[in-house]
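1. Give the three-dimensional model of this entry:
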Amino acid sequence: MEDIISRPSGFLSVCSIRLKDGTPVHPRQAIAQGLIKVNEAVDDSWHLSQDEVGLGSNLFTDSGRQLMAYLFGGKSTMTNWKCAQFGIGTGTTPPNVTNTSLEAPINFGVSQGGNPLKAVSGVDYPNPFIVRVLIELDANDAVGFLLSEFGLFSYDGTLLARKTVVGTNKAAVSLGYSWRIRF
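-> Predicted structure coming up:
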């Protein structure tokens, strides 16, 4: 009999774009202007708003699943284990459940101390069983890099989920992302 392992699932989307001067650009206009690229179909069950453009499903790592088991059971202090940070990179290898880091992380600027991780912007619960993690890249973050991988990390640096995308050359614009996790 084949073992079936149930994993939390996740979905990454672009939910806001602002030019360096602060002017908002609708994600669909950003696609037409070449500011972002999309390569996967959107599953309606994720309840994306009309202002979001889906980038696709992520893979939840084994270390992320273990961390969630610990959270559910109340093991130790939970502060270090909550989803609190994200990272970006230029890696292109498809996600694997044994990933513990991004393949080719990009450090955030001097204002972030050259750190490869940045605090998430917020967390909310838009639908039953779904946690939405909001992340934002400032206009000066990773300018000129081909962004092709994203990761969600706990406060202690555990990689929870990883997603690779077709890649977008990061211009001097702010990009807001919405990452939904379904339990």
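
2. need the helices for this protein, in chain order.
-> In the chain, the helices defined using DSSP state H lie at 27-32, 62-73.

3. Select, out of those, the one closest to residue 44.
-> helix 27-32 (17.2 Å; C-beta to C-beta). From N, CA and C alone the C-beta is placed, and that goes for glycine too.

4. buried set for that closest one?
-> In terms of neighbour count (16 or more other C-beta atoms under 10 Å), helix 27-32 has its buried residues at 27, 30-31.

5. Need those in a markdown table (columns: distance to residue 87).
-> Below are these laid out as a markdown table (distance: C-beta to C-beta, whole Å):
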| residue | distance to residue 87 |
| --- | --- |
| 27 | 22 |
| 30 | 22 |
| 31 | 24 |
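
6. any idea which of the residues you listed is the one closest to residue 114?
-> Among the buried residues of helix 27-32, and counting by C-beta to C-beta, the member closest to residue 114 is residue 30, at 27.7 Å.

7. Please give me every residue in contact with that closest one.
-> If you count contacts by C-beta atoms under 8 Å, 6 or more residues apart in numbering, residue 30 has them with 14, 17, 36, 53, 173.

8. so what secondary structure elements neighbour the helix or strand of the chain at the bottom of the mean pLDDT ranking?
-> With mean pLDDT, DSSP states H and E as the measure, the helix or strand of the chain carrying the lowest mean pLDDT is helix 62-73 (a mean of 78). Helix 62-73 sits against strand 159-169, with contacts defined as 3 or more C-beta pairs under 8 Å, 6 or more residues apart in numbering; DSSP states H and E.

9. one step back: in a markdown table: the helices of the chain, plus distance to residue 135.
-> Below are the helices of the chain laid out as a markdown table (distance: least, C-beta to C-beta, whole Å):
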| stretch | distance to residue 135 |
| --- | --- |
| helix 27-32 | 15 |
| helix 62-73 | 16 |
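
10. So which of the ones you listed is nearest residue 165?
-> Among these, the nearest to residue 165 by C-beta to C-beta is helix 27-32 (12.8 Å).

11. so residue 19 makes contact with residue 26?
-> No: taking contacts as C-beta atoms under 8 Å, residue 19 lies outside contact range of residue 26: 12.0 Å.

12. can you pull out the strands in the protein?
-> Applying DSSP state E to the chain gives strands spanning 9-19, 53-60, 83-89, 118-119, 122-127, 130-137, 146-154, 159-169, 173-182.
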